[in-house]
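Asks: Got a predicted model here, sequence first, then my questions.
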Amino acid sequence: MIILLRKLINLTIFNLSLFFILIIGIQNSDNKGKVNFLINETINLPISFIIGSSIIAGSMTGSLLCYINNKND
């Protein structure tokens, strides 16, 4: 249980650091776009933020699924 908690804390710290680097990196981004959902669309966001946040969300989801799958075994 302690090992799982340590892994989750490391995962959270890693992805938060990636997110902060992403925020710092997009300060002067001029290319903007919208994300279309089924019902609404978002405001104009920098393309780099959309792509970066998708990668970070995928990293979090994939890692959590691996930990949950290993926990059940």
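Replies: Now that the structure is in, tell me what you want to look at.

Asks: now the residue positioned nearest the centre of the chain, what's its secondary structure?
Replies: Nearest to the geometric centre of the chain sits Ile56, at 2.3 Å (Cα atoms, centre = their mean). Under DSSP: H, G, I helix; E, B strand; the rest coil, the three-state class of Ile56 is helix.

Asks: can you offset everything so residue one is 20?
Replies: I'll keep to 20 as the first residue from here, and by that count the last item is Ile75.

Asks: who are the neighbours in contact with it?
Replies: Counting by Cβ atoms under 8 Å, 6 or more residues apart in numbering, Ile75 makes contact with Asn34, Leu37, Phe38, Leu41. In short, each C-beta sits where N, CA and C put it, glycine included.

Asks: I'd like these laid out as JSON lines, including distance to Thr80.
Replies: JSON lines is the format used below for those (distance: Cβ to Cβ, whole Å):
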{"residue": "Asn34", "distance to Thr80": "10"}
{"residue": "Leu37", "distance to Thr80": "14"}
{"residue": "Phe38", "distance to Thr80": "14"}
{"residue": "Leu41", "distance to Thr80": "17"}
